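Enquirer: Below are the sequence and a predicted model for it; my questions follow.
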Amino acid sequence: MRYADVIVDISLGKLDKTYQYAIPEHLKDTAVVGAKVEVPFGGGNRKVEGFITEISDTPAFDPERTKEIATVVQGAVSLERRFITLAYWMKEHFGGTMNEALKTVLPVKHEVKDVKKRTIVVTAEPKTFEEYYKAAEKKNYRARLRLLEALREKKELDYSEILQTLNLSASTVEGICRDGIAVLQEEKKYRNPAKGMLQKNRVPLNGEQNAAVETVWKEYREGKRGTYLLFGVTGSGKTEVYLELIERVIKEGKQVIMLIPEISLTFQTVRRFYERFGERVSVLHSRLSAGERYDQYVRASKGEIDVMIGPRSVLFTPFERLGLILMDEEQEGAYKSEGTPKYHARETAEYLAELTGASLLLGSATPSLEAYTKAMNGQYRLLTLTKRAKEAVMPRVQIVDMRQELAEGNRSVFSRPLREQMQKRLLNGEQMMLFLNRRGYAGTVSCRACGEGMKCPHCEVSLTFHKDGRLLCHYCGYEIMQPKVCPACGSKYIGLFGTGTQKIEEAVLKEFPGVKVLRMDADTTKRKGGHEKIVEAFANGEAQILIGTQMIVKGHDFPKVTLVGIVAADLSLYAGDYRASERTFCLLAQAAGRAGRDKLPGDVVIQTYQPEHYSIVAAATEDYENFYRQEMAYRRLLRYPPVEHVLAILVQGEEETVAKQASVRLTTVLQAAKRPEEGFGVITGPVPAGIAKVNDLYRFMIYVKSGQYERLIEFHKIAQAEKLLTESAMKCNIQFDFNPLSGY
Ligand code: ADP
Ligand code: ZN
Ligand code: ZN
């Protein structure tokens, strides 16, 4: 008899262990490690699903009483052994249950059958086609033109593939079908891989790019696998370095994972990869259907793909011959998962590279303190690109002290220097971007008589104002119409406070009547494709000013933009967590990097109330080292990452007293587990969370710090055990976050 260890599909802390089942004779070929099975569970022998993580010949307890596996689930995707190892590592390092970790490393669950292959076939005569093309050109229908160009080259195109590679919406295809230019044919078939993109002329690498490539490549050929940090200023040609390395690794018969933050997964970026590698590239993103995802997964495991591009989950692509993992913009917060396990893609990639014998290359213009510190320690190999690849010069940057503006009687959101620069652009017909570095898109409302702010009754946060007169909570969705009088004192002087993108738009229109403005924020991009539409409209010159939040600074290249105005640089400094300065520095440096990407020289105006703050000064001069030095001094002082590691424990409960009691107890238990050599101050809390209540749950925080990550893993286990022991803890929801990126 053989026995299987099974992780059942129930994410409960107290069931977070393997259960042993006997493998009946008729399942001995299919019940293998990684297979999804159905087993009788608990006293009532309820059928639950689970994964086999190990198989052995020895029963863990009385073989007579060991239950048998019921079935192997048909059509389920099974797990490869290395992903089981990876899942275990993730659970250990980032918390959560093994079941949650297994689900994370298996982004595709079930076979999706009968994927319909749809093909767009040109039916119009060449002459009609060309006339239609010209008409589209006149109207500047950019999406339609992309599709027509592709169809001109090849008369038949795979539908879902072309939506993906050309970043089109279904309505573009419907449009040309309605106009009688093409038809959509359906046939049931395994989808064909992407093809059709041509190899475009490639640029010869410059000296610095070459040096970076050769360093990695020399070690790769010698069989050395390492982690590299490619530190290159914006526009220095990092992507070209990636492309060159990918090509070489593919030539060796290996496969490549290319991580990019979802927000920069733009048409422009992805096209460069398609142009170079054609059908051997695949992209995964949140807009794909389950069927499309499944297809990519199968193609990857069959070895039909060489390069998989996408956000952090593409780490779990089932490549058999992984040679290289690339991670662009490694400092991006999006690389940390918000769901459990709260894993960071960088560390996970490092471990995966180790498991599979791949190299890892991280790229950034503003490296995370974590990566740069490791590069300084020699754990990573540092590669640098110091100048922009094209002739473009770095923009001129001016910092404006808004306190001074106010003192001299300027109450506008625009300082005099910024207004002057804007005026100049408007006269010259050049474009500009106004950037508001703050999440959230609306101002908050408060009473000018009593100072009372409008808060969500369920969460300890301010409600934000929307143009249509509603007040919204971004944490729980609560909404009300804005009251006419202050609910606290009855005064009618209640109004908007703070500056949102809508307010900036209003200010622009007031100061420059008639100017064409586009606004890109969570509000205007809610609809599908909204983001892309705004980008296109702006690239087409349909507006002279683009106003927006961080969405406008990532991954876009607008050659005609010669001015970037940062309206309130210090807004993101007030975020209240230890990474606020780092985020501010990154955002400002990226925003500044948007100006003068082409031949026209660029200007950047940074408005701030703290002109002397180091993250603002360093960003203005693109002086990363200076920022790094000062920020590290602060992290050392407060023992924050990357100097030490932090485990944040969030205790949430319906009753404030119970949540508090549970967190006090938990803190005591953790304190008792401390070793003398760890000194004082390792465990802090409990303190009410920065947002003390969300969705009617009271929140308390405990922070555990240690120089050794392994110690945090131990503390985590102790806390886990406590969670199952005491009554107050059991009434609460307790979450763990290793090296959190955002505040609570
Ligand atoms: P990054 O990824 O560092 O922001 P990119 O790779 O996007 O930089 O390069 C910025 C621009 O410079 C692109 O338009 C790219 O085609 C161009 N470029 C990159 N390397 C070279 C080179 N060696 N010679 C000429 N142009 C280059
Ligand atoms: Zn009031
Ligand atoms: Zn709320």
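Expert: Cool, the structure landed. Ligands and ions are numbered 1, 2, ... in the order given.
Enquirer: In stretch 216-234, which residues are buried?
Expert: 216, 220, 225, 227-234 (16 or more other C-beta atoms under 10 Å). Where C-beta positions appear, they are placed from N, C-alpha and C, glycine not excepted.
Enquirer: do that stretch and ligand 1 meet?
Expert: Yes: applying C-beta under 6 Å from any ligand atom, one finds stretch 216-234 in contact with ligand 1 at 232, 234.
Enquirer: Asp696 contacts Cys473, doesn't it?
Expert: No: applying C-beta atoms under 8 Å as the test, Asp696 and Cys473 come out as separate, 11.7 Å apart.
Enquirer: Report the set of residues contacting both of these two.
Expert: His458 (C-beta atoms under 8 Å, 6 or more residues apart in numbering).
Enquirer: Those two: which is more packed in?
Expert: Shown here are Asp696 and Cys473; by other C-beta atoms under 10 Å, Cys473 has more neighbours (21 against 11).
Enquirer: Next secondary structure after the helix or strand of the chain with the lowest mean pLDDT?
Expert: The weakest-scoring helix or strand in the chain, judged by mean pLDDT, DSSP states H and E, is strand 494-497 (a mean of 68). Downstream of strand 494-497, the first helix or strand assigned by DSSP states H and E is helix 501-511.
Enquirer: Report the secondary structure state of the residue nearest to Gly333 when sequence neighbours are not counted.
Expert: Distances taken as C-beta to C-beta, 6 or more residues apart in numbering place Leu741 nearest to Gly333, at 4.9 Å, with adjacent residues excluded. Taken by DSSP: H, G, I helix; E, B strand; the rest coil, the conformation at Leu741 corresponds to coil.
Enquirer: What residues does the closest residue to Leu284 other than its chain neighbours make contact with?
Expert: Spatial nearest neighbour of Leu284, chain neighbours left out: Gly310 (3.8 Å); criterion: C-beta to C-beta, 6+ apart. Residues in contact with Gly310, defined by C-beta under 8 Å, 6+ apart, are 258-260, 262, 265, 283-285.
Enquirer: mind redoing it with 10 Å?
Expert: Gly310 sits next to 107, 257-260, 262, 265, 270, 282-286, 288, 296, 317 when contact means C-beta atoms under 10 Å, 6 or more residues apart in numbering.
Enquirer: just the buried members of these?
Expert: Applying 16+ other C-beta under 10 Å to the contacts of Gly310 flags 107, 257-260, 265, 270, 282-285, 288, 296, 317 as buried.
Enquirer: Would you check which pair of those residues lies furthest apart?
Expert: For these, with distances taken as C-beta to C-beta, the pair at the greatest spread is Pro107 and Val270 (18.8 Å).
Enquirer: Can you give me the end-to-end span of stretch 150-168?
Expert: Using C-alpha to C-alpha, to the nearest Å, the end-to-end distance of stretch 150-168 comes to 12 Å.
Enquirer: Quickly list the domain ranges of this protein.
Expert: Residue ranges for each domain of the chain read 2-104, 115-189, 207-390, 392-441+498-634, 645-738, as given by automatic domain parsing.
Enquirer: To ligand 3, which of the ones you listed lies closest?
Expert: The closest of these to ligand 3 is domain 645-738. By C-beta to the ion, the value is 6.6 Å.
Enquirer: how far does stretch 735-744 sit from the chain's center?
Expert: In terms of C-alpha atoms, centre = their mean, to the nearest Å, the centre of stretch 735-744 is found 15 Å from the chain centre.
Enquirer: go on, stretch 583-599?
Expert: 19 Å.
Enquirer: ok, and for that stretch, which residues are buried?
Expert: Buried, per 16+ other C-beta under 10 Å, within stretch 583-599: 583-597.
Enquirer: can you check stretch 106-126 too?
Expert: 106-108, 112, 115, 117-120, 122, 124.
Enquirer: Same check on stretch 363-381?
Expert: Neighbour count says stretch 363-381 has 363-375, 380-381 buried, by 16+ other C-beta under 10 Å.
Enquirer: Filter those residues down to the ones in strands?
Expert: Using DSSP state E, the subset of those located in strands is 363-364, 381.
Enquirer: can you list the residues you listed in TSV and add pLDDT and distance to Met422?
Expert: As requested, those are exported to TSV (pLDDT from 0 to 100; distance: C-beta to C-beta, whole Å):
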residue	pLDDT	distance to Met422
Gly363	97	33
Ser364	96	31
Arg381	97	44
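Enquirer: can you narrow those to ones near ligand 2?
Expert: Applying C-beta under 5 Å from the ion, the subset of those adjacent to ligand 2 is empty.
Enquirer: got the residues of the stretch 351-500 of the chain near ligand 2?
Expert: 447, 449-450, 452, 486, 488-489, 491.
Enquirer: Which of the residues you listed are buried? Put it as a PyMOL command.
Expert: Listed next is the PyMOL selection for buried residues among those, using 16+ other C-beta under 10 Å:
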select buried, resi 447+452+486
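Enquirer: is it true that Leu588 touches Val397?
Expert: Yes: between Leu588 and Val397 there is a contact at 9.3 Å, judged by C-beta atoms under 10 Å.
Enquirer: tell me the contacts of the nearest residue to Thr525 once chain neighbours are set aside?
Expert: The shortest distance from Thr525 to any residue other than its chain neighbours is 4.3 Å, reached at His531 (C-beta to C-beta, 6+ apart). Residues in contact with His531 (C-beta under 10 Å, 6+ apart) are 263, 266, 520, 524-525, 551.
Enquirer: okay if I get those as TSV plus secondary structure?
Expert: What follows is these, written out as TSV (three-state DSSP):
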residue	secondary structure
Ile263	helix
Thr266	coil
Met520	strand
Thr524	coil
Thr525	coil
Met551	helix
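Enquirer: Could you report the separation of the most centrally placed residue in the chain from Val307?
Expert: Among the residues of the chain, the one closest to the centroid is Ala334, at 2.4 Å (C-alpha atoms, centre = their mean). Using C-beta to C-beta, to the nearest Å, one gets 20 Å for the distance from Ala334 to Val307.
Enquirer: Please apply the same query to Leu259.
Expert: Distance from Leu259 to Val307, by C-beta to C-beta: 11 Å.
Enquirer: before we move on, what about Met1?
Expert: 45 Å.
Enquirer: So these two - more neighbours on which side?
Expert: When neighbours are counted by other C-beta under 10 Å, Val307 comes out ahead of the other of Met1 and Val307, with 27 against 13.
Enquirer: Helices along the stretch 101-250 of the chain, start to end?
Expert: Secondary structure of the stretch 101-250 of the chain (DSSP state H, counting those that start in this stretch): helices located at 126-139, 142-153, 159-165, 170-178, 207-221, 238-251.
Enquirer: Ligand 2 is nearest to which of the ones you listed?
Expert: Going by C-beta to the ion, the one of these nearest ligand 2 is helix 170-178, 48.2 Å.
Enquirer: Would you mind listing the buried residues in the closest one?
Expert: 172-173, 175-176.
Enquirer: for stretch 45-59, same thing?
Expert: Applying 16+ other C-beta under 10 Å to stretch 45-59 flags 48-53 as buried.
Enquirer: These in helices, which ones?
Expert: Among the buried residues of stretch 45-59, no residue falls in helices (DSSP state H).
Enquirer: Sitting in strands, which of those do you find?
Expert: Among those, DSSP E puts 48-53 in strands.
Enquirer: Grab the CA positions of stretch 235-255 and hand them over as CSV.
Expert: Only the C-alpha atoms of stretch 235-255 are listed here, as CSV (Å, rounded to 0.1, in the frame of the first residue of the first chain):
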residue,chain,number,x,y,z
GLY,A,235,15.4,56.1,-21.0
SER,A,236,18.9,54.6,-20.7
GLY,A,237,18.0,51.6,-22.7
LYS,A,238,17.3,48.9,-20.1
THR,A,239,14.7,47.3,-22.3
GLU,A,240,17.2,46.8,-25.1
VAL,A,241,19.5,45.0,-22.6
TYR,A,242,16.6,42.7,-21.6
LEU,A,243,15.9,42.0,-25.3
GLU,A,244,19.5,41.1,-26.0
LEU,A,245,19.8,38.8,-23.0
ILE,A,246,16.5,37.1,-23.7
GLU,A,247,17.6,36.4,-27.3
ARG,A,248,20.9,34.9,-26.1
VAL,A,249,19.2,32.7,-23.5
ILE,A,250,16.6,31.5,-25.9
LYS,A,251,19.3,30.6,-28.4
GLU,A,252,20.7,28.3,-25.7
GLY,A,253,17.4,26.5,-25.6
LYS,A,254,16.2,28.1,-22.3
GLN,A,255,13.1,30.0,-21.4
